[in-house]
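Asks: Only the shape, not the letters, is given here:
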């Protein structure tokens, strides 16, 4: 069975500071992918970053980076230089090798303070 | 990135009626589309996987006769909530996966969602 866990229901960060959103996963697949999505209050799902299980380097996309620790089965999202527009729900998701289904974590609500 | 549309964006219906939600991939072909349901302040729960030209695969606990899914073409999947009841009120989101394998992964592109309210 596959499982994604986000243990932080809510987080605060000061504008311009960095913040780490935690995500741990469990899967028996040898090959898998980890995704992070942002969901603002409008409801749309915005793709942020992807990490493949065989990728040797941590993924980075602009201000987003993924701290991938395979042995610990964690894939934390780091947002640098937080902006007010970063306030949203953030979801970590796991895609296994056997299907293309995405299994989502419970989400973390991030609030950026001015 | 690729665009996925959903129609309608909001719908209010009376209890007992059926509601159809469309999910379209506008600029790419999608053999596989997914339907999710999201309750307020909760995560996305996968309801079913929709494959073009074949029957949908439903997740455990999702009623097949309640939530009818049709994937008639490579750009359109529909979700019909039959005999809707107030407990079916939710935010329904679809996603589509591109046919062409490109790079190291295939991103799922999400629609903007449909908010269903059953009175």
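Replies: Ah, there it is. As the structure is a computational prediction, the values presented were derived from the model and not from experiment.

Asks: what about the nearest residue to residue A:10 once chain neighbours are set aside, how many neighbours?
Replies: Distances taken as Cβ to Cβ, 6 or more residues apart in numbering or on different chains put residue A:109 closest to residue A:10, at 4.7 Å, once the chain neighbours are dropped. Every residue, glycine included, has its C-beta placed from N, CA and C. Neighbourhood size, residue A:109 [other Cβ atoms under 10 Å in any protein chain shown]: 15.

Asks: give the contact list for residue A:109.
Replies: Counting by Cβ atoms under 8 Å, 6 or more residues apart in numbering or on different chains, residue A:109 makes contact with A:9, A:10, A:11, A:88, A:89, A:90, B:41.

Asks: Surely the second one is in contact with residue A:111?
Replies: Read it as residue A:10. Yes - using Cβ atoms under 8 Å, residue A:10 is in contact with residue A:111, at 7.1 Å.

Asks: Name the residue in those two with the higher neighbour count.
Replies: residue A:111 (13 against 10).

Asks: Tell me where the chain has strands.
Replies: In the absence of a named chain, chain A is used. Ranges of strands in chain A, per DSSP state E, are A:3-5, A:10-14, A:19-21, A:24-26, A:33-39, A:46-52, A:60-61, A:64-69, A:74-79, A:88-95, A:102-104, A:108-113.

Asks: sorry, should have said chain B
Replies: Along chain B, the segments classed as strands by DSSP E run B:4-7, B:10-13, B:19-25, B:30-38, B:44-51, B:57-58, B:67-73, B:76-81, B:90-98, B:108-110, B:114-118.

Asks: Is it possible to get those strands out as a markdown table so that each row also shows distance to residue A:61?
Replies: A markdown table is the format used below for these (distance: least, Cβ to Cβ, whole Å):
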| stretch | distance to residue A:61 |
| --- | --- |
| strand B:4-7 | 20 |
| strand B:10-13 | 32 |
| strand B:19-25 | 23 |
| strand B:30-38 | 23 |
| strand B:44-51 | 21 |
| strand B:57-58 | 31 |
| strand B:67-73 | 31 |
| strand B:76-81 | 28 |
| strand B:90-98 | 19 |
| strand B:108-110 | 16 |
| strand B:114-118 | 28 |
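
Asks: Cheers, nothing more for now.
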